[in-house]
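Participant: Here is the input, now give the coordinates:
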Amino acid sequence: MANTVYRKQEQEPASTEVLEVAPGVLRMQLPISMPGLGHVNCYALEDSNGVALVDPGLPGEESWQALMDRLGAAGIPVERVHTVVVTHSHPDHFGGSDQLREVAGAEVLTHEAFHSRILDAGDDLDTELLELDDEAIVELWKQRITESERTPWGEVRQPPPDEVMLKWLHMDPAGHRRFLAPHPTIRVADGDPVRLADRDWFAVHTPGHTFDHLCLFDPEHGVLLSGDHVLPTITPHIAGNPNLGDPLATFFASLDKVAGLDDLTCVLPAHGHPFEDLAGRCGHIQEHHADRLQLLRDAAAEHRDAPVEAWMKVLFKERSWGEMAASETYAHLEHLRLIGDGDVRRDEDGLLRFTLSSS
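Facilitator: Sure, this is the predicted structure:
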């Protein structure tokens, strides 16, 4: 059988190999199965007190067991994990954080703006978990998600698939079921020092992929833990979050921010392999989005007064259609509107409809 060839680094399945990728920093890849992604890089930062783990994978038994296997291969007892760093509020990055807090007593460190909308819908369900079976819990959670709010562009929010939501349920040592929700115990602001691997790293707030995205920079060795902010061969999703103002411009500003870091020698992304030319990669990502803006302008004549879903089909292939694609489309449409290249109105059903200026 021929070996599968992956066009993008981020698609590669998780390796079981544990590698030192920077002084005192080990990379452990954990399996995920998400569109365009085959693994998440969990980094172990070793110091005299134990280790900190960055982005400990998805919720669920498969990811947890893979993490335990990698820690075992590295000779690190789970009890020595003193801190979990979560770069942002996506489940493939914070899924193992609550179990590490439970098993090892680890602190959970995030940016001060960390927030998960999906988990909000389950915040007060714990007492009800005692009386419901798993399927009933999932149905109740889905109902709360769809009823909680609409997207900024007016569509009803869609919950994750049932099989994904079931992985969020966890039986603790006392025999109680609860949701695997992250509970930050340390929240940092931009520029705050964080002592890890026996040296100071500095918090770099990089909103764009999410509002709460956090990178960490080690000026001593020139290492950046970039999370999903900058990836080596795919362009990160941009959140259509109105709290970002102009989401696309905010993302571009965050790219410029990390591209300007002094004496940077190595970027450690959450997916894919380490790389060096951060400024060049940031420039390529910005060029990609400039091309996407032009695609929208070119479609202006055929899409007058069109909802975000229709514009989404201009930018994305059918296999990618869904809320994340719509969110990124909304971010681009809002940027064009805010720079004076479009107008928007909200129709009687609550949907935003955009009209753009032709190119």
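Participant: roughly how far apart are the closest residue to Val51 other than its chain neighbours and Leu169?
Facilitator: Nearest residue to Val51 in three dimensions, chain neighbours excluded: Ala44, at 4.8 Å (CB to CB, 6 or more residues apart in numbering). In short, each C-beta sits where N, CA and C put it, glycine included. In this structure, Ala44 lies at 27 Å from Leu169, with CB to CB, to the nearest Å as the measure.
Participant: Mind checking which of these two has more residues around it?
Facilitator: The residue with the greater number of neighbours, taking Ala44 and Leu169 and applying other CB atoms under 10 Å, is Ala44; the counts read 25 against 18.
Participant: so how far is Gly36 from the residue nearest the centre of the chain?
Facilitator: For the chain, the residue nearest the mean C-alpha position is His90 (4.0 Å; CA atoms, centre = their mean). Taking CB to CB as the measure, His90 falls 13 Å from Gly36.
Participant: Where does Phe251 fall, secondary structure wise?
Facilitator: Using DSSP states H and E, the secondary-structure element containing Phe251 is helix 247-259.
Participant: Give me the contacts around whichever helix or strand comes after that helix.
Facilitator: Toward the C-terminal end, the helix or strand that comes next after helix 247-259 (DSSP H and E) is strand 266-269. Defining contact as CB atoms under 8 Å, 6 or more residues apart in numbering, one finds that strand 266-269 is touched by 21-22, 25, 27, 41, 43, 221-228, 230-232, 274-276, 278, 281.
Participant: Restricted to buried residues, select the residues you listed in ChimeraX.
Facilitator: Selecting just the buried residues from the contacts of strand 266-269 in ChimeraX takes one command, with 16 or more other CB atoms under 10 Å as the test:
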select :22,25,27,41,43,221,222,223,224,225,226,227,228,230,231,232,274,275,278,281
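Participant: Okay, and which of the contacts of strand 266-269 map to helices?
Facilitator: Of the contacts of strand 266-269, the ones assigned to helices by DSSP state H are 278, 281.
Participant: Which ones among the contacts of strand 266-269 map onto strands?
Facilitator: Within the contacts of strand 266-269, membership in strands is found for 21-22, 25, 27, 41, 43, 223-227, as judged by DSSP state E.
Participant: Assign the nearest residue to Ile76 once chain neighbours are set aside to helix, strand or coil.
Facilitator: Spatially, and ignoring its direct neighbours in sequence, Ile76 is nearest to Val51 (5.6 Å; CB to CB, 6+ apart). Assigned by DSSP: H, G, I helix; E, B strand; the rest coil, the conformation of Val51 is strand.
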